[in-house]
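Visitor: The sequence and its predicted three-dimensional model are supplied below.
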Amino acid sequence: MQKLCGLPIYLLLGLSFGFWQPSLNCMLRAANAAWFPDKDALVQQLENADRATAQVYKLRDDRGQGMDCLKVFQPATAAGTYYGVYHNFQAGVLVTHVARSTDLVQWTHLTALDDHASQPAIHVCDNGGYLLAYEHDEPNSVWIRLRYYDSLDHLLAAKFERQFDIQRTLAPTAEGTPSFEAVEIGPEGLEQSQIQLRFHYYKDGDVDQLATGTLVNFSQWQAEADTELNRTLADQGWRGNLGDRDKFTWQEQTYYLQETQQTRGDWGSWRLCLCDHRGYPLQPLAIRTPQGSTAFSNPHATWVRNAAGQRLLVVTLFLHSRGNPPAERGVLLYVIEAN
């Protein structure tokens, strides 16, 4: 059946002509319950950060450095060993790093990957390689940089084989917070590849908005603003910046965690939304912490396996200085056990 905005046409027509008594919100809730039957259990797990099996606030590596915007990843053959890419400030410069852990609590710094680099995202390729995407900055200029590493050893040694700087096409000064949507690499390697990203662009030098782009054969880039999604989020009250997001699965359904801001310039108004497989909002998350933090951004969620083979969903968030108590500001990592 043909649908508009995710609803069958007959429902929209019924609403337009007054044939249906329930409110649109009630119908949307009913539709969500039917289309995402395990959503409520997922929401409960995501919101109960204060009850998570493991939870670490103000996460730092073994050098005592913050692990801002940590994205955890794990090679398929490395159960019980975890890796993560993240950034922090060093001498006034943003630097992206990689670290390793065996318990998700204590992290050993391995190497710096690039200077003037932040907001890293990583993809473990089917061919054993690794793709790293991140913001690269110069004064008054931010763009997305991609690097490809042939193996984990090369990544951990900061030895990349290929690099591509993505030219901005949607904003004059800043495009960033990349995340991987899909990656296909053919027998010819990157010369036969398609890398799909989601990212944000600094629209009119005023507000961050969401966009998508595709890099073909590691040489041809095309991007477009996600106008409908931006409008949908604004209509639901998210009229500030729209930025980082992460894609993950739960009970064979695909979801996104999306950072949203109610008011531009108000760092205490950052919240997280659970979104469907297209990135459209299902509901805002009321995350609970021991000391009552309320402002969250830079969400990441990654499935890993511990040494016993158990599947764990590792969630990392950034807690701002506004809206959050000092003891919880910085990176929060918590773990959800698979049922």
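Guide: Structure's in. What do you need? Numbering: from 1, shown residues only.

Visitor: Which other helices and strands does the longest strand seen in the chain contact?
Guide: When the chain is parsed with DSSP state E, its longest strand is strand 189-203. Strand 189-203 is packed against strand 141-149, strand 175-186, strand 207-216, strand 220-225, strand 242-250, with contacts defined by 3 or more CB pairs under 8 Å, 6 or more residues apart in numbering; DSSP states H and E. The C-beta positions use only the backbone N, C-alpha and C, and glycine is treated the same way.

Visitor: nearest to residue 107, of these?
Guide: strand 242-250 (18.9 Å; CB to CB).

Visitor: Can you name the residues in contact with the next helix or strand after that closest one?
Guide: With elements assigned by DSSP states H and E, the helix or strand that comes after strand 242-250 is strand 253-261. With contact meaning CB atoms under 8 Å, 6 or more residues apart in numbering, strand 253-261 is reached by 36, 38-39, 42, 46, 233, 238-249, 269-277, 279, 281-282, 284-285, 296-301, 315.

Visitor: For PyMOL, write the selection for the buried entries among those.
Guide: Selecting only the buried entries of the contacts of strand 253-261 in PyMOL, with 16 or more other CB atoms under 10 Å as the criterion:
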select buried, resi 36+39+42+46+233+238+239+240+241+242+243+244+245+246+247+248+269+270+271+272+273+274+275+276+279+281+282+284+285+296+297+298+299+300+301+315
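
Visitor: Any chance of the helices and strands packed on strand 189-203 in TSV with distance to residue 107 and mean pLDDT as columns?
Guide: Output for the helices and strands packed on strand 189-203, formatted as TSV (distance: least, CB to CB, whole Å; pLDDT from 0 to 100):
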stretch	distance to residue 107	mean pLDDT
strand 141-149	20	98
strand 175-186	22	98
strand 207-216	29	98
strand 220-225	33	98
strand 242-250	19	98
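
Visitor: Out of those, the one nearest residue 311 is which?
Guide: Residue 311 lies closest to strand 242-250 among those, at 10.9 Å (CB to CB).

Visitor: Sheet partners, orientation included, of the closest one?
Guide: As defined by DSSP bridges, the strand partners of strand 242-250 come to strand 253-261 (antiparallel).

Visitor: Tell me the buried residues in the strand it pairs with?
Guide: For strand 253-261, by 16+ other CB under 10 Å, it's 255, 256, 257, 258, 259, 260, 261.

Visitor: Just after that strand, pick out the following helix or strand.
Guide: Proceeding C-terminally, strand 253-261 gives way to strand 270-275 as the next helix or strand, assigned by DSSP H and E.
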